[in-house]
Structures are given as C-alpha cells and as structure tokens.
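1. sequence unavailable; structure follows:
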C-alpha cells in the first residue's frame, strides 16, 4: 500500500528503481553494433546529435545510476560462436560531453558482451568465451571477481537489489547459471533444454523471463526458488525469440522475434500471461528496447536494417520509425 502511495505521489520517478531499466529526458543513446558506433539522438525529434566510432561490435550498454556515464563492452569482430578476434575492453563515455573518457581492460578475460549495473554503480559483465561473470568497480577500473558460469554466458540479468544474477548459456550448456552476487559464486542451474537467447528481470525482482532459443516460448522463473514456474507461448510466430524486456512499471513484457522473415514484437500483459497478445510488425531483426520517461512510448532497436521502431504503448501500435546507422542492437533513454 505504501509503495502505491509513493508511486502516486512521484509518478514517473518510481521508474528509476531498477538501474537496469533506465529512462530519462536528457538524451537517447543507441548502440550501432553493425556500424561499430555509438549514436546520440535527440529524444524528442529522433535526430542524431553526434556519434562515436567505438570499436568492433559493441552489443550492450549500462547507464550509471546517476545517469552521467554509459559503459559499453567491446565484444570483438564477430558474433556468438564465431568471434575470431574477441575484444577485452569496456568503453566509458561521459554523457554530458558524449566523449570516451576512459576504458576498462578486462584482460585476461575476453569477449565481454552483456552488462548490468547495480544501484551503487558496480558493473557485472558476461564474457562468453571466458565463461565468466566479471564484477567490476568502474571508479578504480578493477576486476573484483571473475565468477565461473560453467557455460558461455552471453547476456546477464541482475536483480534490482543486486542479490543475484542470471546468466543464460546460449546453447553450449543447457541451463541458466544462477549467481549469488553476495557470495560471488555460482549457486544453481535452471534447466533450459533448448538454450536461451535473452533474459530480463522484473522491476520488483520477483521474476526473471528468458527467451527459448528454439521454440516460441518465454520461460518464467521464480527468483525465490530459482525454478521455472510457467511457460508462455508467443503468439503469431513459430520460432524462438531474441530478447524480452519488462516495461519499467512491470505491467508488460515486450519480446523480440521474427516470423516468416518479418520482425515482430509481442506485448504480453503481466496480469494475464496467457491472455491475448498484441503482435506488432517492426524492423528487420529486432534486438532491443528503450522506454520513454512518460511511460507511453517504447523504442525497438532493429539490428537488421539500422532502424528504430516507435511504439505507442497506450494505443498498442507502431506510430513511426527512424533511421539510425547500420544495425542497432541496444538503446536507452537517460
């Protein structure tokens, strides 16, 4: 009851509770994986303000809790399973100047890919080829821990309270690695017989959802028991999905996939996981999401055609799209 009262008072500010689902009105940052650039875009007009060449195949990003810095892992010149020259750095970019101010060298670990942050600013980075989840202090740029994940963990989901992390092993080990971030060790394996492509934590930390690599199914995990408690069929497709994401208020889950060669997003109500889904056609090979601070707009980053699709979450329809580089994988308001 108290939480609802606070939310009613401060409205959109409550959206800042989860550091890994950021939003804001100052700017919009896009990770152009295929173009090897970071692109800064006006959040109102969607016009590009500036860009930076950032290195081979950046994939993901994390925004510092104070929204002053963005951290971007440099993965290497390939993709999962075919990365001949893996990277070993994380770029640190000041959001006020939109310039690289430093880098974090994660050597001897390689292929940093997924990245998350906690409320204190600590970074958590999955290095798939090294089979590690790194815990990094960005102030000292030091690796505090390198936690074994057993498999080639590609993405990572950290709970909002930073108690645990969930690292999906895409297809070499058919489970999700459960990491106790206080003890800094792997404590469990959640079976995922088809492999997992993407993963996301709910804003309240009670659930984690994971995209089945082969089938159009979303696994729902109870974080209290670290077990799969539900499987949600994605409507309008016969293929596995790429990436799920909760809206900041937790009311919806958006999931990227492809159906008959066409990019689509399924919108699932968390109040009725098995109810009718909104299925929206978006750009080619959709891979990531960003949410506007007013809660009314979602952006879909399309890796396959360098576009970003704009979705009106109230009307549940695509309202526009804009061009942004070669192929955008992730995005965030700040």
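-> Nice, I can see it. All values reported here derive from a predicted model rather than from experimental measurement.
2. and residue 194, how far is that from residue 129?
-> Residue 194 sits at a distance of 22 Å from residue 129 (criterion: C-beta to C-beta, to the nearest Å). (Each C-beta comes from the backbone N, C-alpha and C, glycine too.)
3. now residue 262
-> If you measure residue 262 against residue 129 using C-beta to C-beta, the figure is 32 Å.
4. low-confidence stretches in this structure?
-> Scanning the chain for pLDDT under 70 picks out 1-16.
5. now the helices for it?
-> Along the chain, the stretches classed as helices by DSSP state H are 2-10.
6. which residues sit in contact with residue 19?
-> By C-beta atoms under 8 Å, 6 or more residues apart in numbering, the contact list for residue 19 reads 63, 65, 117-119, 160.
7. over to residue 154?
-> Contacts of residue 154 were listed using C-beta under 8 Å, 6+ apart, and they are 80, 113-114, 126, 128, 168-170, 197.
8. now swap in residue 254 and tell me
-> Contacts for residue 254 (C-beta under 8 Å, 6+ apart) come out as 244-247, 265-268, 289, 298, 300.
9. would TSV of those with neighbour count and distance to residue 315 be doable?
-> Putting the contacts of residue 254 into TSV (neighbours: other C-beta atoms under 10 Å; distance: C-beta to C-beta, whole Å) gives the following:
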residue	neighbour count	distance to residue 315
244	27	22
245	24	19
246	25	20
247	19	15
265	24	14
266	24	16
267	17	11
268	23	17
289	24	17
298	21	12
300	28	15
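10. what about those residues, which are in strands?
-> Residues of those located in strands (DSSP state E): 244-246, 265-268, 289, 298, 300.
11. would you turn those into CSV with distance to residue 274?
-> As requested, the ones in strands among the contacts of residue 254 are arranged in CSV below (distance: C-beta to C-beta, whole Å):
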residue, distance to residue 274
244, 16
245, 19
246, 17
265, 18
266, 13
267, 14
268, 9
289, 22
298, 22
300, 23
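12. which of the residues you listed sits closest to residue 25?
-> Closest approach to residue 25 among those (C-beta to C-beta): residue 298, at 15.5 Å.
13. which strand residues bridge the closest residue to the closest one other than its chain neighbours?
-> Leaving aside its chain neighbours, residue 298 sits nearest to residue 311 (4.5 Å; criterion: C-beta to C-beta, 6 or more residues apart in numbering). Following DSSP bridges, residue 311 is listed with bridge partners residue 298, residue 318.
14. can you tell me how far residue 311 is from residue 280?
-> Applying C-beta to C-beta to residue 311 and residue 280 gives a distance of 6 Å.
15. anything in contact with each of those two?
-> In contact with both residue 311 and residue 280: 265, 317-318, using C-beta under 8 Å, 6+ apart.
16. out of the residues you listed, flag the one nearest to residue 333.
-> Set against residue 333, the nearest of the shared contacts of residue 311 and residue 280 by C-beta to C-beta is residue 265 (17.6 Å).
17. circling back to that earlier point, looking at the contacts of residue 154, state which has the most neighbours.
-> residue 168 (31 neighbours; other C-beta atoms under 10 Å).
18. show me the contacts for it.
-> 153-155, 176-177, 192, 195-199, 210.
19. go again using 7 Å as the cut-off
-> Counting by C-beta atoms under 7 Å, 6 or more residues apart in numbering, residue 168 makes contact with 153-155, 176, 192, 196, 199, 210.
20. most neighbours, which of those residues?
-> So for those (other C-beta under 10 Å), the most neighbours sit at residue 153, 31 neighbours.
21. that one is in contact with residue 167, isn't it?
-> Yes - between residue 153 and residue 167 a contact is recorded at 3.6 Å, counting by C-beta atoms under 7 Å.
22. shared neighbours, the two?
-> 126, 133, 177.
23. is the second one bridged to anything, and to what?
-> On the basis of DSSP bridges, residue 133 is bridged to residue 126, residue 147.
24. I'd assumed residue 148 was in contact with it.
-> No - here residue 133 does not reach residue 148: they are 8.2 Å apart, not a contact under C-beta under 7 Å.
25. related to what we said a few turns ago, export the contacts of residue 19 to CSV and append columns for neighbour count.
-> Shown next, in CSV, are the contacts of residue 19 (neighbours: other C-beta atoms under 10 Å):
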residue, neighbour count
63, 22
65, 16
117, 24
118, 21
119, 14
160, 18
